[in-house]
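1. Curious how this folds, go ahead:
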Amino acid sequence: MFALPKEINKIIKTIEGSGFQAYVVGGSVRDELMGLKPEDWDLASNAPMEIVLKLFPQAITIGEKYGVVQVTLGQITADVAAMRIDGNYTDYRRPDKVTFTDQIEEDLKRRDFTINGMAFHPERGLIDPLGGQKDLRNKLIRTIGDPQERFTQDPLRILRGIRFAGQLDFDLSMETFSAMKKTASLLEQISMDRRRQEFEKLILTENAAKALRICVSTDIMPTIFGDSYPPKGKQDNGDLSVLIQNMNKSRSQLDLRMALLLLCFEKQKALKIVEEMNYSGDMAKKLAAAQNLMIDLYFATDKYSIKRLIYQQGEDIYHFLDNVAKQMRNVYDMPGYRIESRYYLLDEIRKFKEPIFIDQLAINGKDLIESGIAEGEQVGQFLNMLIEVVHKYPGLNTKPKLLKKAKDLKKPWKAKFRNIHFIR
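-> This is a model prediction of the structure:
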C-alpha cells in the first residue's frame, strides 16, 4: 500500500529489532493515502526515549515530557514519539499529565481529526480504528471524539481544522463546524503568536478562499483581527467580501496576502492590527507601506514620480507595492494599464541608466568639498537636492553640469525656490 522511504523502514526495523513497536502515524499516513509526498514524518513507538536515543546516537530530544526524539537518517528526518494517553488540559495547549501505553489504538484516540488518527506498519498494514480512511474518501474533516471537548482542550485545533479544509479542499462535518462556532472565542486563550502562525498557514493553502469563508462563518475572525473586525464596508484599496471569494487568484505569498487582507480595513485600524498581531521588522514595514503608499504608487505615472518613490522608499518596498497592485488586479478584476505603464517606464529608466540613488550621481561628496561648494552636513543636503534635480532632468548627470548646478543651488534664493517654475 505504501512505499515508505528506506530511512523510515530502517528506523522502524531498528526499534523493533530491540523488542519494541513502531508505526508511521498522523499526517504522514494521511498524505500517503492521498498520493501526496509527506512533508514531515511522524512515528509512534512504545520504546522508552532512552532506548531510542541509544539506538540512534545522532538523535536529539525535542520533547522530553512526551518522549519525543528527532532522528535523522540520510535526507529524512522523523519525529519518534512515545505512544501515550493524554490527561486533562487546563492551559488550552498541552495535557497536564500523560500516560505511556503499548497500544497504538490508544495513542490514535488522543489525536485531533480522524484523517490524522491512522497508523501504518510495513508488515501489519493500515491501522484505522476511527474511520479516517472513510473520511478521506468522503473529503470530510471530523474530530476524534466529542468535537467541543477536543476544541476546548486545545482551541488552536479550530484553526488547524480550517487549514486542513483549505489545504485538502475538504468540508467540515456538521458537528465539527458547530463545535468550532461554539468554542471560537476560546482562541483568545491562545497566545497571539501561535494564533497568527496558524492563520498564516491557513491563508497560504491552495484553497485559501474556502478556508477564509469558514473562518467568517465560524466567527473566528475577531480572534485574529480583534475589535477592528469587521471592516466598515468597501475601502479604497479593498473589499473583504470580494477578497474572501477570490483569494485563490492571488499569489500564495504571506506578505502579499496579509497586505490584501489589511487593505480591506480603515488605515488606522489596519495599523492597529499589525501591532496587535505582533508583526515586526520587514513584515511590519511592508504592511505599513501598503497602507501608507498605495496611493503614491497609483499616482506614479511618470518616470520622475517612479524614481522619487523608489529613492524615498527603497527598491524592495517599491517592488512589494507593485506586486500588491498586481494581486489587487487579479482579485478585483481591475484594469492593469497603470501596472503595465510603470513596467515600461521603469524599463526605460534602467535601459538608459537614469540615476535613482545618490551613488549613481556623476559627482560625490568629495567633489563638492574640493570645489568649495559644501562641507560637513551641507554635503548630504546638496547631494539630496542634486539627485532630485537629476530625477527630473537625467541629462544633467555629468560632473561639469552637476557642479555648475550645485553652485547655482548654493545661492540662497535659488536653493529655496528650486522647485518653483515661473511662467512668462
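
2. all contacts plus neighbour counts: C-alpha atoms, from now on.
-> OK.

3. All the strands of the stretch 51-200 of the chain, residue numbers only.
-> Assigned strands in the stretch 51-200 of the chain, in chain order: 60-63, 68-73, 76-82, 84-86, 98-100, 119-121, 125-127, 140-141, 171-172 (criterion: DSSP state E, counting those that start in this stretch).

4. In the sheet, which strands lie alongside the fourth one, parallel or antiparallel?
-> Using DSSP bridges, the strands paired with strand 84-86 are strand 98-100 (antiparallel).

5. Check the longest one too.
-> According to DSSP bridges, strand 76-82 has the following sheet partners: strand 41-45 (parallel), strand 68-73 (antiparallel).

6. Just tell me which of those ends up closest to Ala82.
-> Closest approach to Ala82 among those is made by strand 41-45 (5.1 Å; CA to CA).

7. how about the closest one as CSV, C-alpha atoms only?
-> Output of strand 41-45 as CSV, limited to C-alpha atoms (Å, rounded to 0.1, in the frame of the first residue of the first chain):
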residue,chain,number,x,y,z
TRP,A,41,7.5,12.1,9.1
ASP,A,42,6.0,11.1,12.4
LEU,A,43,6.4,7.8,14.2
ALA,A,44,4.9,6.4,17.3
SER,A,45,6.7,3.8,19.4
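
8. Which secondary structure element of this protein has the lowest mean pLDDT?
-> Lowest by mean pLDDT, DSSP states H and E among the helices and strands of the chain is helix 412-416, with a mean of 50.

9. what about the closest residue to Thr301 other than its chain neighbours, which helix or strand?
-> Leaving aside its chain neighbours, Thr301 sits nearest to Arg342 (6.8 Å; criterion: CA to CA, 6 or more residues apart in numbering). Take DSSP states H and E as the rule and Arg342 turns out to sit in helix 337-351.

10. Give me the buried stretch members for that helix, please.
-> Buried residues in helix 337-351, defined by neighbour count with 16 or more other CA atoms under 10 Å: Ile339, Arg342, Leu345, Leu346, Ile349.

11. chain center to it, what's the gap?
-> Taking CA atoms, centre = their mean, to the nearest Å, one finds helix 337-351 lying 29 Å from the centre of the chain it belongs to.

12. Next: stretch 347-363.
-> Taking CA atoms, centre = their mean, one finds stretch 347-363 lying 34 Å from the centre of the chain it belongs to.

13. who touches it?
-> With contacts defined as CA atoms under 8 Å, 6 or more residues apart in numbering, stretch 347-363 is touched by 303, 307-308, 310-311, 383-384, 387, 390-391, 394, 397-399, 402-403.

14. Most neighbours out of the residues you listed, which is it?
-> When neighbours are counted by other CA atoms under 10 Å, Lys307 leads those with 27 neighbours.

15. any idea how the protein splits into domains?
-> For the chain, the structural domains run 6-135, 147-298, 359-416, going by automatic domain parsing.

16. okay, how far is it across the first one, tip to tip?
-> Start to finish, the residues bounding domain 6-135 are 29 Å apart (CA to CA, to the nearest Å).

17. cool, the longest one as well?
-> One end of domain 147-298 to the other measures 48 Å (CA to CA).

18. any idea how far Thr101 is from Ile115?
-> For Ile115, the distance to Thr101 (CA to CA) stands at 22 Å.

19. Between the two, which is the more surrounded one?
-> Per other CA under 10 Å, whichever of Ile115 and Thr101 has more neighbours is Ile115, with 29 against 16.

20. ok, then the element right after the helix holding Arg342?
-> Remark: after helix 337-351, the chain's next helix or strand is helix 365-370, criterion DSSP H and E.

21. And for that next one, what's in contact with it?
-> Contacts for helix 365-370 (CA under 8 Å, 6+ apart): Ala374, Glu375, Val379, Gly380, Leu383, Leu403.

22. Which of those fall within helices?
-> Those of those mapping onto helices are Val379, Gly380, Leu383, Leu403, per DSSP state H.

23. Taking these together, which two end up most distant?
-> Across these, the longest distance by CA to CA is 14.4 Å; it joins Gly380 and Leu403.

24. hang on, isn't the residue nearest to Thr301 packed against Phe299?
-> No. Assessed by CA atoms under 8 Å, Arg342 is found out of contact with Phe299, at 10.2 Å.

25. coming back round to it: now go through the contacts of stretch 347-363 and say which are in helices.
-> Among these, the members found in helices (DSSP H) are 303, 307-308, 310-311, 383-384, 387, 390-391, 399, 402-403.

26. Out of those, flag the one nearest to Arg257.
-> Set against Arg257, the nearest of those by CA to CA is Ile310 (22.3 Å).

27. now Leu271, nearest residue through space, not along the chain?
-> Ala288 (6.6 Å).

28. Can I take it that that neighbour is in a helix?
-> Yes. Assessed by DSSP: H, G, I helix; E, B strand; the rest coil, Ala288 belongs to a helix.
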